[in-house]
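J.: Kindly return the folded structure for what I paste below:
(chains A, B, C, D, E and F, ligands or ions: 5)
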Amino acid sequence: MSLGPYASFIVTSYALVAAVVVLLIVWIIADYRRQQARLQELEASGVTRRSGRSTVDVR
Amino acid sequence: MRLSGRNLKCVRGGREVFSGLEFSASSGEALAVTGPNGAGKTSLLRVVAGLLVPADGAVALEGGEAELSLSEQAHYLGHRDALKPALSVLENLSFWREFLGGRPEDAGQCLASVALDHAAHLPAAYLSAGQRRRLSIARLLSVRRPVWLLDEPTSALDAAGQDLFVRLMRDHLGGGGIIVAATHLPLGIETRNLRMEGAK
Amino acid sequence: MRLSGRNLKCVRGGREVFSGLEFSASSGEALAVTGPNGAGKTSLLRVVAGLLVPADGAVALEGGEAELSLSEQAHYLGHRDALKPALSVLENLSFWREFLGGRPEDAGQCLASVALDHAAHLPAAYLSAGQRRRLSIARLLSVRRPVWLLDEPTSALDAAGQDLFVRLMRDHLGGGGIIVAATHLPLGIETRNLRMEGAK
Amino acid sequence: MTLTDLANPTRFLALTTRILPWLAGATTVLLAIGLYQSAMAPDDYQQGATVKIMFIHVPNAWLSMFVWGVMSVAALGTLVWRHPLADVAAKAAAPIGAAFTFLALVTGSLWGRPMWGTYWEWDARLTSVLILFLMYLGLIALWRSVEDPSRAARAAAILTLVGAINIPIIKFSVDWWNTLHQPASVFRMGGPTLDKAFLWPLLVMALAFSLLFITLHLAAMRNEILRRRVRSLQMMQASRVAFSSEVGAGSRDGHASNEIGAA
Amino acid sequence: MSTLAALIRRDVRIALRVGGGALIGVLFFLTVTVLMPFAVGPDLALLSRLGPAILWLGALLASLLTLDRLFTADHEDGSLDLIVMSRTPLELACAAKALAHWLAAGLPLIIATPALGLLLNLDGAATFAVALTLLAGTPALTFTGMIGAALAVTMHRGGLLLAVLVLPLSIPVLIFGVAASQAAISGPLSFGTPFSILCALSLISFVIGPFAAAASLRHGLD
Amino acid sequence: MSTLAALIRRDVRIALRVGGGALIGVLFFLTVTVLMPFAVGPDLALLSRLGPAILWLGALLASLLTLDRLFTADHEDGSLDLIVMSRTPLELACAAKALAHWLAAGLPLIIATPALGLLLNLDGAATFAVALTLLAGTPALTFTGMIGAALAVTMHRGGLLLAVLVLPLSIPVLIFGVAASQAAISGPLSFGTPFSILCALSLISFVIGPFAAAASLRHGLD
Ligand code: HEM
Ligand SMILES: Nc1ncnc2c1ncn2[C@@H]1O[C@H](COP(=O)(O)OP(=O)(O)OP(=O)(O)O)[C@@H](O)[C@H]1O
Ligand SMILES: Nc1ncnc2c1ncn2[C@@H]1O[C@H](COP(=O)(O)OP(=O)(O)OP(=O)(O)O)[C@@H](O)[C@H]1O
Ligand SMILES: [Mg+2]
Ligand SMILES: [Mg+2]
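T.: Ligands and ions are numbered 1, 2, ... in the order given. Take a look at the predicted model:
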């Protein structure tokens, strides 16, 4: 596979797409972890939702 | 005519203010809403006025003009007095009369009945607190709505003003109107009472 | 300490509001300013506060801190409550305490004494009329000025709030403070009275 | 499972947790196939190897518009049906859409340099995509700067619907105005004009990116639901303090039925 | 009808008395135009080529400057509550307010255009063309900007955030306004096409603006 | 000192919350810059020639958008009464408010300049020159604008004065700001002369602004 005279453009665009997608994924996973941690912290301190179910049960 | 609220629930800023609230008032009746600060009196009035959407329940007016909604048949007298300082007293009143559809002839008369006619051509910026309240009352009179929603209507009024206002409320009720008033002070007329406690 | 006004004359918007007015109040005394709407009560308070320049006469505070002017030793509680809706209750109070120079430690305590501590982290935009008034009172407490200038201080307060405020005024007078209050309702404390009639 | 069932965020969370792994797996597989196919695709006789940029440029461009469409439906859900998940869907989609739009812009300019001799040209297609990007940023800014989620949701919904006018403009700009950018060759009246050798990899990549969007969107929605739960629990915690100090009046109940956190 | 006239009359009167908004707008417009010769340098040909663009930019930014308090002021003093409760459909009331704003803040800009055209070295025909496009296009700026002004009430926000939300919506107006003026002055293209698009944009905004603003106010009051 | 810090902190905080934060400021600047090519056309050489003027106009607009409510907002809610009665000299309080305004509305723009320079095809040195002139000049915009803002409180119908006063005062700042940037980029003239005039204008405004504003507030309250 030869990319011709414009190889750098092609490679850059693929790399950029990969970078942004990975960034999105990492952000979403990190956000998930953070929210879970805060929920657990709150539940540990004794605050529960009115329905009485904890988010952990839900999972 | 009968104004009634059923199973009302109000949520503001993500917090429940009241729920399961019921009330009713018929022609010629006044409903006094009382309760501690923050209990939700103003919120209730705004729900009735259609300015807040209740999270549950509904308010209905039976026997009014069929093609008009409740808020179109009500006038809300709140803390904020909807006056433009750059306009004169008369201009302020005339605008609201035209916009809300009162009789064109009686602006001067309404001003006179709240003893503000001497100030008709002053800019509204020059009014004292009580005079502003009087001007709001003049507007209430001039737009002639059957349902009056009053939020602490007598605050800032002097003794004469309070007497005057009692008379005006009597006349309104005598003409078959309905009044819902939030207040911390006795209104000076016979009322049904709705006490809001604020959830404990 | 003695607060006195001599031969005061006030002109607003080109019209004379009052003239030749005299009053005085000493440490531990409250002066209740009464009179019909538009008589000039608010104007008088603003003259005392230094916010209006009298057309004639002068107000003086004898026996206060020598290097401070009267307005720097007074706190004015007016109709407009100087709260920023975008800031939380606590942020509002803390700002004024820092800016006007109250003790840094007691913001929470002042909030508690007006029963607003549960709302400390709400934005001020969420407060009801009475809660706003309570917050203004908390500010009045936290900046600790000897002269209180109060314009209809109890409006919008519920019964509990009014009792509370009476207690606070008593404490202030007991500590040698001075109060000048414009009001349409009895204040609930012993007062000297200044009746303004309004030019007829 | 109907739409009303989905209105229950707890159900929604459970469902999401179940299907997310499958979605992620399918996305990965499809992406791998698509990448392989695009690597194998022949050079274009005009564009040479740069045609490979198409396989990522076009899916991103399509998605940038599609995501706005999703947000518009969600906006209707907020305003008309008051569906409790609509706010969440709209908020979660905005950053993802912005990312796709950004990628469409960047890959487009990277392709434009060899093809047109310039990275950027103020023509209708490019400009309208840039406006789309600015509107995404505006929406994100709006969501971030208004704390009360239901307030932000209503404002964002109206803005989204107004901005939806831009989508047909982007789509048809190449037909309405003379532009550098080439006209539609896949989704057009009379069928695609693209050669099969390019069409297949493109379609596979487009499908892969769509799956990627669905996966990311569901995950982001889940995060958002959790975030709102945290918020409402924090409010309850604050009101606990208020109860213990037993002062004042007013409701101390931190629940709001129209908020996800209370479900 | 007469209720709307009353609303328009009130808003125009306030704008003229208070002065603020409208006049700041015109003066800003003037500043932009005065500044440009300094920026571009003493190249008269270039200046007249840029003329329409400069005038349009000035108009866009000037309208932005004054729009953000269109509804906020009424919200803060409680007028908005009464307007919402009135028997006039809110969409019409919003349209009336926008019209009043345009009369007080947009029209003066157009009237000032001939004077500014001189500064920018535009000839009579060109100035006329620009004024005509402004006349057709500035209402669209006001009516799309109105959406932002209503959102400001919903969100309890203002200032730059609004500008950020509104500006992308007004870009098409700017593009076609400038294109039409350019076409009239020099261009090989016809004046008619961009001008009719401009008019179409205005018409669309007359529909969408009031509806979006009314929806946002209805959902946003509390 | 700490009282002034408290005032600055409060004003910045409100500005960021209501206006949506510094990020919005940058986004706003970005949008204004993006607008230019739409208006002027995609001529890169021309764009870079206009670059400084565009950035300066954006800065002026951003500061004007919020400046007119600098004191009016405090006046309307009664804060101004308490500020006047405080033990802090009013001149200092005014200066603090202006500084806070500049921090919230001016500084983010300056920080964003490099990114925008790219869009406008400015090279590194030019961008740096523009950022420098903005840093030296935008405070002058705020501090002269403050006078108008204070007058707006005094005259109830004073928006008019605000407009008539502020913008003419800011025109010299704009002209020398743009001139200095142009000189740095291309011009035969030296950068130093207009830049030092710009700095002088800023310094003068630091003195005159707070005094004039405080005087006007003191005499104007009622
Ligand atoms: C920044 C620059 C660019 C932007 C913002 C952009 C944007 C878009 C958008 C929004 C689409 C989807 C259109 C639709 O579905 O009808 C698209 C499709 C496409 N673009 Fe671009 N583009 C850019 C540059 C380029 C360049 C430089 C080329 C190639 C020379 C190119 C080639 C294509 C092709 C072939 C399609 C597919 C059209 C179809 O089959 O429907 N684009 N682009
Ligand atoms: N705009 C608002 N947004 C969110 N919450 C609000 C808002 N206004 C009021 N609240 C909250 O709703 C509750 C009820 O407020 P409301 O103004 O109805 O009380 P009220 O009974 O009228 O009190 P008051 O006697 O002080 O006038 C209060 O706890 C208040 O904090
Ligand atoms: N800003 C102003 N400019 C000009 N005149 C004013 C202004 N404010 C009040 N006035 C006039 O001054 C007089 C006294 O007003 P003031 O507010 O002092 O009355 P007040 O005794 O406090 O009345 P109230 O009981 O209604 O509060 C009134 O006639 C009023 O019209
Ligand atoms: Mg109330
Ligand atoms: Mg008074």
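J.: pLDDT below threshold where in chain B?
T.: Scanning chain B for pLDDT under 70 picks out the ranges B:104-105, B:199-200.
J.: let me fix that: chain A
T.: Counting by pLDDT under 70, chain A has low-confidence residues at A:1-2, A:47-59.
J.: give me that answer again for 90
T.: For chain A, residues meeting the criterion pLDDT under 90 lie at A:1-10, A:38-39, A:41-59.
J.: where do the helices sit along it?
T.: Here chain A has its helices, by DSSP state H, at A:7-44, A:55-58.
J.: same thing with chain E?
T.: E:2-18, E:20-40, E:44-67, E:72-76, E:79-85, E:90-101, E:107-119, E:124-155, E:160-185, E:192-220.
J.: Can you lay out these as JSON lines showing distance to B:Leu127, mean pLDDT and mean neighbour count?
T.: Any C-beta I mention is one placed from the backbone N, CA and C, and that applies to glycine too. Shown next, in JSON lines, are these (distance: least, Cβ to Cβ, whole Å; pLDDT from 0 to 100; neighbours: other Cβ atoms under 10 Å in any protein chain shown):
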{"stretch": "helix E:2-18", "distance to B:Leu127": "17", "mean pLDDT": "89", "mean neighbour count": "19"}
{"stretch": "helix E:20-40", "distance to B:Leu127": "21", "mean pLDDT": "73", "mean neighbour count": "23"}
{"stretch": "helix E:44-67", "distance to B:Leu127": "27", "mean pLDDT": "82", "mean neighbour count": "24"}
{"stretch": "helix E:72-76", "distance to B:Leu127": "17", "mean pLDDT": "90", "mean neighbour count": "19"}
{"stretch": "helix E:79-85", "distance to B:Leu127": "16", "mean pLDDT": "94", "mean neighbour count": "22"}
{"stretch": "helix E:90-101", "distance to B:Leu127": "25", "mean pLDDT": "95", "mean neighbour count": "23"}
{"stretch": "helix E:107-119", "distance to B:Leu127": "31", "mean pLDDT": "86", "mean neighbour count": "18"}
{"stretch": "helix E:124-155", "distance to B:Leu127": "26", "mean pLDDT": "90", "mean neighbour count": "25"}
{"stretch": "helix E:160-185", "distance to B:Leu127": "32", "mean pLDDT": "84", "mean neighbour count": "26"}
{"stretch": "helix E:192-220", "distance to B:Leu127": "28", "mean pLDDT": "90", "mean neighbour count": "20"}
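J.: before we move on, the earlier item: of the helices of chain A, give the one that comes closest to chain F.
T.: Proximity to chain F (Cβ to the nearest Cβ) singles out helix A:7-44 among those, at 16.8 Å.
J.: With distance to B:Pro153 as extra columns, can I get the helices of chain E in CSV?
T.: Below are those laid out as CSV (distance: least, Cβ to Cβ, whole Å):
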stretch, distance to B:Pro153
helix E:2-18, 25
helix E:20-40, 33
helix E:44-67, 35
helix E:72-76, 21
helix E:79-85, 15
helix E:90-101, 26
helix E:107-119, 41
helix E:124-155, 26
helix E:160-185, 35
helix E:192-220, 26
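J.: Relative to chain A, which of these is closest?
T.: helix E:160-185 (21.8 Å).
J.: Which neighbouring elements make contact with that closest one?
T.: helix D:124-145, helix D:149-163, helix E:44-67, helix E:124-155, helix E:192-220, helix F:22-40, helix F:44-67 (3 or more Cβ pairs under 8 Å, 6 or more residues apart in numbering or on different chains; DSSP states H and E).
J.: Out of the helices of chain A, which is closest to ligand 5?
T.: Nearest of the helices of chain A to ligand 5, taken as Cβ to the ion: helix A:7-44 at 47.8 Å.
J.: Buried residues in that closest one, which are they?
T.: Neighbour-count burial for helix A:7-44 flags A:9-10, A:13-14, A:16-17, A:20-21, A:24, A:27-28, A:31-32, A:35-36, A:38-39, A:42 (criterion: 16 or more other Cβ atoms under 10 Å in any protein chain shown).
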